[in-house]
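S.K.: Provide a 3D model corresponding to the input given below.
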Amino acid sequence: MSEGTNYEALLSELVEERANLDRMIAWVQRRIDKGDFSVPPPTPQPSSGILRFPRLRPDQFFKMSVPEAIRAFLNIMKRPQSARDITDALEAGGLSHRAQDLYQTVFPTLQRMKGKGEVDKLANGEWGLAEWYTAGRRTEVENSSREPDK
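M.R.: Numbering: from 1, shown residues only. A predicted model of the protein is given here:
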């Protein structure tokens, strides 16, 4: 078995996903047969983040602080992510925490990191590493360093 990939867990996740799809297909087939579409289909919930975040090991963020884990996750994904996706990935990657709702820790941490210039929040609400957006920063620094005309 390849190191870092838990194939048994992946297979289990795929089997569960298939079972959910089979239930959805059966539900839609019953609705078609009855002509009844008044009730929305049940929404399957994945049991873990294995399929959502296939690049993450289950211990990827073990013993990291929340800011370290956020930076590591964004570096792995190499594109902006929502605060909810970051939270889900940190949990899927084995971040050690005592929070009842990790999102209530991650979001304020992102805001503090933004204040320190470590991350930026995009207009669509996603978060990215500040180093990805240096072009705009140079202009801001140049404008702020100029002396006002007298």
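
S.K.: measure stretch 87-101 end to end?
M.R.: One end of stretch 87-101 sits 9 Å from the other (Cα to Cα, to the nearest Å).

S.K.: domains of the chain?
M.R.: Residue ranges for each domain of the chain read 1-51, 56-150, as given by automatic domain parsing.

S.K.: what is the mean pLDDT for the first one?
M.R.: Going back to what we said before, that points to domain 1-51. Domain 1-51 shows a mean pLDDT of 68.

S.K.: mind listing the helices for the protein?
M.R.: For the chain, the helices defined by DSSP state H cover 7-34, 66-77, 83-92, 103-115, 134-145.

S.K.: got the buried residues for the third one?
M.R.: Taking 16 or more other Cβ atoms under 10 Å as the basis for neighbour counts, the residues of helix 83-92 that come out buried are 83, 85-92. (Each C-beta comes from the backbone N, C-alpha and C, glycine too.)

S.K.: ok, stretch 124-138 next?
M.R.: Using 16+ other Cβ under 10 Å as the test for burial, stretch 124-138 gives 127-130.

S.K.: so how far is that stretch off the chain centroid?
M.R.: 17 Å (Cα atoms, centre = their mean, to the nearest Å).

S.K.: residues in contact with it: which ones?
M.R.: Counting by Cβ atoms under 8 Å, 6 or more residues apart in numbering, the neighbours of stretch 124-138 from elsewhere in the structure are 70-71, 74-75, 79-83, 86, 110, 114, 117-122.

S.K.: try it again at 7 Å.
M.R.: For stretch 124-138, the surrounding residues in contact (Cβ atoms under 7 Å, 6 or more residues apart in numbering) are 71, 74, 80-83, 86, 110, 117-122.

S.K.: what's the neighbour count on F107?
M.R.: Neighbour count of F107, defined by other Cβ atoms under 10 Å: 15.

S.K.: from D88, how far off is it?
M.R.: Note on F107: its distance to D88, by Cβ to Cβ, to the nearest Å, is 13 Å.

S.K.: closest one to R52 among the helices of the chain?
M.R.: With Cβ to Cβ as the measure, helix 83-92 is the member of these nearest R52 (6.7 Å).
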